[in-house]
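In: I'll drop the sequence and a predicted model, then ask my questions.
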Amino acid sequence: QVQLIESGGELVQAGGSLRLSCAASVRTFSGYAMGWFRQAPGKEREFVAAISGGGGTTNYADSVKGRFTISRDNAKNTVHLQLNSLKPEDTAVYYCAAARTIARTILSLCDYWGQGTQVTVSS
């Protein structure tokens, strides 16, 4: 069983930055690709970013390319999402998730999900 715990969400003004973190309780963290997803009120959950187990491959949704950066520290079993140039439309609950491959992560075919952390961007 893998437990994922997100942190770092808060209220921020448009144009600001945040760093989200996700801590994983798993023995072989590098064996999992990790992803970030978000769900805004009244909308379906959407893919944001993914990173391969070794960290060498990343993938981003078009809406966040150039503004968000995903990274991981396998020694600390954590994955981060740096959010820059935030917009009000980035307001959502952000979830991290784990899957065996980055392809499955991008397709939201994840095996484990966290509980989410709220990001609110004011205009």
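Out: Noted; the coordinates are in hand.
In: who does the helix or strand of the chain with the lowest mean pLDDT touch, helix- and strand-wise?
Out: For the chain, using mean pLDDT, DSSP states H and E, the weakest element among its helices and strands is helix 102-106, scoring a mean of 92. Here helix 102-106 touches strand 33-39, strand 46-51, strand 92-99, going by 3 or more Cβ pairs under 8 Å, 6 or more residues apart in numbering; DSSP states H and E. C-beta: built from backbone N, CA, C; applies to glycine.
In: now those strands as a markdown table including mean neighbour count, distance to S7 and mean pLDDT?
Out: Output for those, formatted as a markdown table (neighbours: other Cβ atoms under 10 Å; distance: least, Cβ to Cβ, whole Å; pLDDT from 0 to 100):
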| stretch | mean neighbour count | distance to S7 | mean pLDDT |
| --- | --- | --- | --- |
| strand 33-39 | 24 | 13 | 98 |
| strand 46-51 | 23 | 16 | 98 |
| strand 92-99 | 23 | 10 | 98 |
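In: Who does the spatially most central residue of the chain form a beta bridge with?
Out: Residue closest to the average C-alpha location in the chain (Cα atoms, centre = their mean): W36, at 2.3 Å. W36 forms beta bridges with A49, C96, as assigned by DSSP bridges.
In: still on that earlier bit, nearest to R27 among the helices and strands packed on helix 102-106 would be which one?
Out: R27 lies closest to strand 92-99 among the helices and strands packed on helix 102-106, at 12.6 Å (Cβ to Cβ).
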